[in-house]
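*Asks:* Okay, sequence plus prediction incoming.
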Amino acid sequence: MNSPLRETPLHSRHIALGAKTANFGGWDMPIEYTGVLVEHQAVRGAVGIFDVSHMGKVRIHGSGAADFLNSVLTNDLNRINDGQAQYTMLCNEFGGVIDDLIVYKWSADEVFMVPNASNAATVVAALRAVAPESVTIDDHHDDHGIIAVQGPNSRKVVEALGLPADHDYMSMVRSSHRGEPVIVCRSGYTGEVGFELVVPNVILGSVWDALLEKGESLGITAAGLGARDTLRLEMGYPLHGQDIAQDISPVEAGLGWAVGWDKPEFQGREVLVAQREAGPKRRLRGLISIERGIPRAHMHVFSIENLELAGDAVGDITSGTFSPTLKQGIALALLNADIEVGSEVLVDVRGKAIRFGVVRLPFVNSSVR
C-alpha cells in the first residue's frame, strides 16, 4: 500500500489560492496556481514566492562538524568563510550522486544543510553512519519550512518584512520574526536575485501571508514547482533524479567545479579522480531547438546525419521543456563525450527528427550577482 502524501504547513493556503497539486518526492506540492508561464514571467520580471518546505533541513554541530562534513562531501568547505553557503554533493563509492545540496557554514562547529526532499532521510542516515561521537546531526525536516522569494523585487519584499536583505550572494544571516528565529539565505534555484527563508513551522503561515501582503504592490505572485522547473532549466541547473543521479557522476554532469580535487578524502574520490583523468564517456550538454519541438526527459538523441532515427542513439534527454523566456525548446542531455558545443543533433520528438543545437550553459543569463 502506498503511503499517503505528506503536506507542508502551507498546504491549505495553496488550496485556497487555487493551486493544482501533485506528488513531488512524496509530498503533495503546488505545481501551479495561475499557470506556469505567468508564474515564470513574474519571477523573471518582478517577484515570485515558492513553498519549498518539502526540502530537507539538517543541522550538523559539535566539535569539528565542518571538518567532518568536508571529509564526506565533494566540495571544499575551506573555500568559504563563516556565514557563507556552498553548493556540494554527497557521492556514493562509485562516484554517482546520492544527492546535491546547499551547505551553510556558521562556524567550524556548526553547519546547516538543505538536501532534496526525497533524499533528506537518506542523507541524514548516511551522515549519521560515519559521524564521529563529537558531531551531532539533527533532522529538522518536520519542524521548519522554507519559503523562497525570487526575482528583481525580492529584496524589497524581504526588507518590507523587517528582515535583512543586503548580504552577498551565497551568504546568510540569522534574524527573527515575531520572536522566532529565521535564517535569511541569499540563494535560490531560479537564476534571479532571491532569498530562501528557513522558518519554524509555528510562524511559517504568518510569514507566507505577510510576504504576499507586503509584496502585493511589487507584483508578487505565488509560484509552483512547474515554474521552478522551467526557471532552473533555463539556467542549466541540474535536478537530482534526472540530470544527476546515483549512476551519473559530477564529472559527467559538468560539476567538477563543485569538487575539492585537492582534498585528501571525500566519498567517491578515487573513482571521480580516475574518471576526470581518463575523461568521461558521456557529458551533460545543453540543447536548444532549431526547429519547432518541445523536448522531454527520456527522449533519444541521434547524430545529425541519422534522419531515420535508426540504430544507436548518441544520448538521451534528462530534462526538457519549452523556455518561456526564449520561446524555444531547451533541454539537458547526456551525450557521447565527442559531441561538442556548436554541433547539431536530432531529437526523437514523438517519432519526428527535430534539429537541436548543442550549446553552452546557461540558456539565459543569470542576475543573481
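*Replies:* Received the coordinates, thanks.
*Asks:* Quick check: which ranges of this protein have low pLDDT?
*Replies:* Low-confidence segments of the chain, defined by pLDDT under 70, span residues 1, 369.
*Asks:* Phe195 is in contact with Arg186, correct?
*Replies:* Yes: under the contact definition of C-beta atoms under 8 Å, Arg186 touches Phe195, with a separation of 6.0 Å. C-betas here are computed from N, CA, C, even on glycine.
*Asks:* Name the residues contacting each of the two.
*Replies:* Ala165 (C-beta atoms under 8 Å, 6 or more residues apart in numbering).
*Asks:* buried set for stretch 23-32?
*Replies:* Counting neighbours by 16 or more other C-beta atoms under 10 Å, one finds that the buried residues in stretch 23-32 are 24-25, 27-32.
*Asks:* how near is the residue nearest to Thr325 when sequence neighbours are not counted to Ala274?
*Replies:* Counting by C-beta to C-beta, 6 or more residues apart in numbering, Val364 is the residue found nearest to Thr325 once chain neighbours are left out, at 5.2 Å. Taking C-beta to C-beta, to the nearest Å as the measure, Val364 falls 35 Å from Ala274.
*Asks:* cool, and Phe363?
*Replies:* Computed with C-beta to C-beta, the distance linking Phe363 and Ala274 is 32 Å.
*Asks:* Compare those two and say which one has the larger neighbour count.
*Replies:* More neighbours surround Phe363 than the other of Phe363 and Ala274, with 21 against 11 (other C-beta atoms under 10 Å).
*Asks:* isn't the more buried one right next to Gly286, touching?
*Replies:* Yes: with contact defined as C-beta under 8 Å, Phe363 counts as touching Gly286 (6.2 Å).
*Asks:* Can you pull the residues that touch both of these two?
*Replies:* Shared contacts of Phe363 and Gly286, counting by C-beta under 8 Å, 6+ apart, come down to 236, 330.
*Asks:* could you redo the buried residues of stretch 23-32 as JSON lines and give each row secondary structure and distance to Ala278?
*Replies:* Compiled in JSON lines, these are given as follows (DSSP: H, G, I helix; E, B strand; the rest coil; distance: C-beta to C-beta, whole Å):
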{"residue": "Phe24", "secondary structure": "strand", "distance to Ala278": "36"}
{"residue": "Gly25", "secondary structure": "coil", "distance to Ala278": "34"}
{"residue": "Trp27", "secondary structure": "strand", "distance to Ala278": "39"}
{"residue": "Asp28", "secondary structure": "strand", "distance to Ala278": "44"}
{"residue": "Met29", "secondary structure": "strand", "distance to Ala278": "40"}
{"residue": "Pro30", "secondary structure": "strand", "distance to Ala278": "44"}
{"residue": "Ile31", "secondary structure": "strand", "distance to Ala278": "41"}
{"residue": "Glu32", "secondary structure": "strand", "distance to Ala278": "44"}
